[in-house]
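Student: got a sequence here, can you build the structure:
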Amino acid sequence: LTNSPSLQRNDDDVVLEVSVFDSRPSLDYTAGSGVQLNGGMACLGKINPDLQKAVMEAGIPISYLRGRHKSWFRAGEVDRLWDYSVETIIKSDAKGREELVNDDDKVLWYAIMR
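Tutor: Numbers count the residues shown, from 1 in each chain. Prediction:
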């Protein structure tokens with residue numbers, strides 16, 4: 001967020017308060033783990049629409065949530081716990097559609113490497 005152009009501008013009449021919560025004592029930016037952006041994408045669009053668009057172009061849209069685990073009864077196989085369509089869940093809920101679907105009818109739920 002510190003590199004966001006909207007946070008670097010010198011607008012005296014605009015005050016942005018940003019909080020970042022992380023359980024690690026420091027951020028290792030070389031680790032390269034993925035970051036899932038869901039509600040954060042909607043917030044990012046309010047802060048800086050151009051940056052939101054850039055993240056959408058660089059990121060990967062998440063379309064399904066799948067839960068699995070190694071089977072207890074069949075060696076080498078997995079058991080499916082759940083399989084949800086993110087788009088169906090969000091678009092079928094009025095508040096979800098209002099908050100997490102943009103003007104181009106795209107669901108704002110992405111993953112990106114940091």
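
Student: going by C-alpha atoms from here, please, whenever you check contacts or count neighbours.
Tutor: Noted.

Student: for residue 112, list each beta-bridge partner.
Tutor: residue 35 (DSSP bridges).

Student: what's the closest non-adjacent residue to residue 45?
Tutor: residue 52 (5.1 Å; CA to CA, 6 or more residues apart in numbering).

Student: so that neighbour makes contact with residue 44?
Tutor: Yes - at 5.6 Å, residue 52 counts as touching residue 44 under the criterion of CA atoms under 8 Å.

Student: tell me, what's touching the two both at once?
Tutor: The overlap between the contact sets of residue 52 and residue 44 (CA atoms under 8 Å, 6 or more residues apart in numbering) is empty.

Student: ranges for the strands of this protein?
Tutor: Ranges of strands in the chain, per DSSP state E, are 34-37, 60-61, 64-70, 78-85, 110-113.

Student: export those strands as JSON lines, with columns for mean pLDDT, mean neighbour count and distance to residue 100.
Tutor: Output for those, formatted as JSON lines (pLDDT from 0 to 100; neighbours: other CA atoms under 10 Å; distance: least, CA to CA, whole Å):
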{"stretch": "strand 34-37", "mean pLDDT": "64", "mean neighbour count": "16", "distance to residue 100": "11"}
{"stretch": "strand 60-61", "mean pLDDT": "87", "mean neighbour count": "17", "distance to residue 100": "12"}
{"stretch": "strand 64-70", "mean pLDDT": "87", "mean neighbour count": "11", "distance to residue 100": "15"}
{"stretch": "strand 78-85", "mean pLDDT": "89", "mean neighbour count": "11", "distance to residue 100": "14"}
{"stretch": "strand 110-113", "mean pLDDT": "80", "mean neighbour count": "17", "distance to residue 100": "11"}
